[in-house]
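>>> Turn this into a structure:
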Amino acid sequence: MNTGEVTSIVGDQVVVKSAPKPPAIGAMVYSEKCKVGVVADIIGSVESPYFVVKPDQNAKIKLSDRLRTN
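The predicted model follows:
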């Protein structure tokens, strides 16, 4: 399981600081309560990766939320 913190929300995409390594593209992403979307891309350096989440239509995500993958 990977976890990360939401660092920015740009249009319909959410950028998450990955810890310790990014999840696979296509992995489902969850908040503490429910599924919020899927990993759409991995960005940044190998040492400090981020992953981009394409949120579900009704997902409620805010800055500093902690998200996790399966």
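>>> how about stretch 39-51: buried residues?
39-40, 42, 49-51 (16 or more other C-beta atoms under 10 Å). For every residue, glycine as well, the C-beta is placed using N, CA and C.
>>> Kindly apply the preceding question to stretch 14-22 instead.
14-18, 22.
>>> got a list of contacts for that stretch?
With C-beta atoms under 8 Å, 6 or more residues apart in numbering as the test, stretch 14-22 has contacts from 2-9, 29, 37, 39, 42-43, 48-53, 55, 61, 67.
>>> can you check stretch 56-70 too?
1-9, 14, 16, 23, 27-32, 35-37, 39, 53, 55.
>>> Now a ChimeraX select for only the buried ones of those residues.
ChimeraX command restricting the contacts of stretch 56-70 to the buried ones, with burial defined by 16+ other C-beta under 10 Å:
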select :2,4,6,14,16,23,27,29,30,31,36,37,39,53,55
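>>> From the contacts of stretch 56-70, which land in strands?
3-9, 14, 16, 28-30, 35-37, 39, 53, 55 (DSSP state E).
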